[in-house]
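Novice: Following is a predicted model, sequence given first.
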Amino acid sequence: MTQLASANASVVVEQLRYWNPQAVAQVIEYHGETTIVVPPELLLATAKQCKENPALNFNLLSDATCVDRFPIEPRFELNYSLVSIPRRDRVRLRTRVSAQHPVVDSLMPVWPGANWLEREIFDLFGIRFEGHTDLRRILLPEGFEGFPLRRDFPTEGKR
Amino acid sequence: MATVETAVGATKAMVLNMGPQHPSTHGVLRVLLELDGENVVTAVPDIGYLHTGIEKSCEDKTYSQSITLTDRIDYLNPLGNNLVYCLAVEKLLGLEVPKRAQYIRVMMVELQRISSHLVWLGTHAIDMGAMSVLLYCFREREEILKIFERFSGQRMMTSYIRIGGVALQPPAGWREQVKRFLDMMPARIDEYEALLTENPIWQGRLKGVGYLSPETLISLSTTGPGLRAAGVPFDNRKMFPYSSYEEFDFNVPMRTESDCYARYLVRVAEMRESLKIVRQAMDKITDDGAIKTEAPGIVPPEREKMKTEMEALIYHFKIFTEGFSPPPEEAFAVVESPRGELGCFIASDGSPKPLRVHFRAPSFINLQALPYMVQGQLIADTVACIGTIDIVLGEVDR
């Protein structure tokens, strides 16, 4: 139960606030997990800071996923789960994107491993990643219409 | 249909379709290879043939119903998938699991790790031309599946680990059966090693093949034996212990060569470490005690209670008709699966069905490294690389 206990959570928040007070819009703590909400326009810079600041050193992008909060706006919530192998720490970055303009900066320049993770989100949620070098559908066939993991897509599929 | 941009020029390069029915792709992986003679110029993996929308299906089921779906994600590691899903739900609910159930979970997951590595070893050896190893590996895997059958009634899709504990009490005589397996297994691993480790053909096919530097592997989000074979000590069991792994004494096998041979050595050494963990877990599991936590409304009550107490009957009815509603939060649980970091992210909106269930599938993410591994190598090396990444297509496509 105590896994992921981020003992250094306050360090991460402090370092990011010190770097740019605007970067930390909100901090959510739940059962030892820290989520830092970042404004979408600062996502790429914050990610870079998380990786390159030696006091943070989040060298591994473990996961990226999206949550659709339809009909609440901004409806899409992107979650990036970061791991620091040398510091034994984890943190989650979150940013919110609206349905009218579902575009966010790609994290490929920081972690090339974001490639397929972002393609998967593009494929299933229809969020576009600016700066992604190869943004194609990955799991679904190319001619597929719609984005099945959106909440307004029926589970049994469209007829 | 993916297309390949030809860097070498259309007259020289040849595009070859490998898969999706090629036996060495371990399922339905398709790789588009652009070849210059027998050397790979680019490799473009094309996946999705096995996409079944498990994450979407989970959104339409109650929390307890989804457990059977998790078995089918990585079909060589069903117990690990059960575990990560249950850990995520338990974190969402703030449930504590009894120690005895935690040790049973550890024992089952480690047996599963051995069986998964056995399937890997056998199939990879076939890919490399050593046909007999598969028969040896499946002989021992059968013993593990028999243990699973005794525990859960199922050989493969066990669904044994449940929210709040495990499904059933260990069966009578389980200790002897597991002990028999533990006593037999070290000699059997020696047997595989005698067939392969010093085998000049095996070494020739694997040594120096598929090298990637540790920095590249980390930047590509690779985890598991592939990363540990590059000398990076990343193992969730040690770094972010779950299910009481901090109480167990074991090593994390590592190599520094970062080639296919090093990945093979790491996996074989991991089997031996898993045996150590199973033995310790067996000693820790007491003969009787609770296997489920007491959480009315979340964990189904015992059968006897259900027939004698009215509250228990009501809870039982409610759990199986409408389910339970965790607080509207998110939880992310991770375990170390045989293939790397397996994660489960659950977002709840306070209703009995999850808003979003996402699996961080190690096979999917590790496969990203394939184009980098095979660049400039031979077609035959591509087979070796696909093999040592150890993908399970069910998990890649979900």
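Specialist: Yep, it's here. Here the structure is a predicted model, which is why all the values come from computation and not from measurement.
Novice: where exactly do the strands run in the chain?
Specialist: Defaulting to chain A. Assigned by DSSP state E, chain A shows strands spanning A:26-30, A:33-37, A:60-68, A:76-84, A:89-97, A:103-105, A:128-130.
Novice: right idea, wrong chain: chain B
Specialist: Going by DSSP E, chain B shows strands at B:14-18, B:30-36, B:39-46, B:161-162, B:165-166, B:330-337, B:340-347, B:356-360.
Novice: Might you list the low-confidence residue ranges for the chain?
Specialist: In the absence of a named chain, chain A is used. A:1-9, A:159 (pLDDT under 70).
Novice: I was thinking of chain B, sorry if that wasn't clear
Specialist: Checking chain B against pLDDT under 70 turns up B:1-12.
Novice: from it, which residue is nearest to chain A?
Specialist: residue B:221 (3.1 Å; Cβ to the nearest Cβ). Every residue, glycine included, has its C-beta placed from N, CA and C.
Novice: JSON lines for the strands of chain B, including mean neighbour count and distance to residue B:98?
Specialist: Output for these, formatted as JSON lines (neighbours: other Cβ atoms under 10 Å in any protein chain shown; distance: least, Cβ to Cβ, whole Å):
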{"stretch": "strand B:14-18", "mean neighbour count": "15", "distance to residue B:98": "49"}
{"stretch": "strand B:30-36", "mean neighbour count": "19", "distance to residue B:98": "46"}
{"stretch": "strand B:39-46", "mean neighbour count": "19", "distance to residue B:98": "43"}
{"stretch": "strand B:161-162", "mean neighbour count": "25", "distance to residue B:98": "13"}
{"stretch": "strand B:165-166", "mean neighbour count": "25", "distance to residue B:98": "6"}
{"stretch": "strand B:330-337", "mean neighbour count": "26", "distance to residue B:98": "18"}
{"stretch": "strand B:340-347", "mean neighbour count": "26", "distance to residue B:98": "21"}
{"stretch": "strand B:356-360", "mean neighbour count": "25", "distance to residue B:98": "25"}
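Novice: number of nearby residues for residue B:75?
Specialist: Residue B:75 has 17 neighbours, counted by other Cβ atoms under 10 Å in any protein chain shown.
Novice: And for the one 10 residues further on?
Specialist: A total of 28 residues lie near residue B:85 under the criterion other Cβ under 10 Å.
Novice: try residue B:386
Specialist: Neighbour count for residue B:386, taken as other Cβ under 10 Å: 27.
Novice: nearest spatial neighbour of it, skipping sequence neighbours?
Specialist: Nearest residue to residue B:386 in three dimensions, chain neighbours excluded: residue B:25, at 6.1 Å (Cβ to Cβ, 6 or more residues apart in numbering or on different chains).
Novice: Just give me the neighbour total for residue B:288.
Specialist: Based on other Cβ under 10 Å, the number of other residues close to residue B:288 is 8.
Novice: Of all the strands of chain A, which one is nearest chain B?
Specialist: Counting by Cβ to the nearest Cβ, chain B lies closest to strand A:60-68 out of those; the figure is 4.1 Å.
Novice: Can you tell me the strand partners of the closest one and which way each runs?
Specialist: Next to strand A:60-68 in the sheet, as set by DSSP bridges, lie strand A:76-84 (antiparallel).
Novice: Show me how far the partner strand is from its chain's centre.
Specialist: Strand A:76-84 sits 4 Å away from the centroid of its parent chain (Cα atoms, centre = their mean, to the nearest Å).
Novice: Hmm, residue A:48 and residue A:110 touching each other?
Specialist: Yes: taking contacts as Cβ atoms under 8 Å, residue A:110 lies within contact range of residue A:48: 5.3 Å.
Novice: For the two, work out which one has more neighbours and name it.
Specialist: residue A:110 (22 against 14).
Novice: so who does the residue nearest to that one when sequence neighbours are not counted touch?
Specialist: In space, and not counting its chain neighbours, residue A:110 is closest to residue A:47: 4.8 Å by Cβ to Cβ, 6+ apart. Counting by Cβ atoms under 8 Å, 6 or more residues apart in numbering or on different chains, residue A:47 touches A:80, A:93, A:107, A:110-111.
Novice: In contact with the residue of chain A found nearest chain B, which residues?
Specialist: Closest to chain B within chain A is residue A:113: 3.1 Å, counting by Cβ to the nearest Cβ. If you count contacts by Cβ under 8 Å, 6+ apart, residue A:113 has them with A:60-61, B:219-222, B:365, B:368.
Novice: Number of residues surrounding the closest residue in space to it that isn't next to it in sequence?
Specialist: In space, and not counting its chain neighbours, residue A:113 is closest to residue B:221: 3.1 Å by Cβ to Cβ, 6+ apart. Residue B:221: 28 surrounding residues under other Cβ under 10 Å.
Novice: Likewise for the one 3 residues further on?
Specialist: The local packing of residue B:224 (other Cβ under 10 Å) involves 27 other residues.
Novice: Ignoring the adjacent residues along the chain, who's closest to it?
Specialist: Nearest one to residue B:224, counting by Cβ to Cβ, 6+ apart, is residue B:340 at 2.7 Å.
Novice: In contact with that neighbour, which residues?
Specialist: Residue B:340 touches B:222-227, B:362, B:365-366, counting by Cβ under 8 Å, 6+ apart.
Novice: Which two among these are spaced furthest apart?
Specialist: Longest distance between any two of the contacts of residue B:340 is 13.8 Å, between B:225 and B:365; criterion Cβ to Cβ.
Novice: Check the burial of residue A:87 by counting its neighbours.
Specialist: 17.
Novice: nearest residue to it other than its sequence neighbours?
Specialist: residue A:57 (5.6 Å).
Novice: Help me confirm that the one you found comes into contact with residue A:86.
Specialist: Yes: the criterion here is Cβ under 8 Å, and residue A:57 meets it with residue A:86 at 5.6 Å.
Novice: from memory residue B:316 sits against residue B:300, does it?
Specialist: Yes: proximity of residue B:316 to residue B:300 meets the contact threshold set by Cβ under 8 Å, at 5.7 Å.
Novice: OK, contacts around the residue nearest to residue B:335 when sequence neighbours are not counted?
Specialist: Spatial nearest neighbour of residue B:335, chain neighbours left out: residue B:84 (4.7 Å); criterion: Cβ to Cβ, 6+ apart. Shown in contact with residue B:84 (Cβ under 8 Å, 6+ apart): B:70, B:333-335, B:337, B:342-344, B:359.
Novice: could you redo the last one with a cut-off of 7 Å?
Specialist: B:333-335, B:342-344 (Cβ atoms under 7 Å, 6 or more residues apart in numbering or on different chains).
Novice: any chance of those residues in a markdown table, with distance to residue B:309 too?
Specialist: Compiled in a markdown table, the contacts of residue B:84 are given as follows (distance: Cβ to Cβ, whole Å):
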| residue | distance to residue B:309 |
| --- | --- |
| B:333 | 32 |
| B:334 | 38 |
| B:335 | 35 |
| B:342 | 38 |
| B:343 | 38 |
| B:344 | 33 |
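Novice: count of residues packed around residue A:136?
Specialist: By other Cβ under 10 Å, 11 other residues sit near residue A:136.
Novice: who's in contact with residue B:350?
Specialist: Going by Cβ under 7 Å, 6+ apart, residue B:350 touches B:325, B:327-328.
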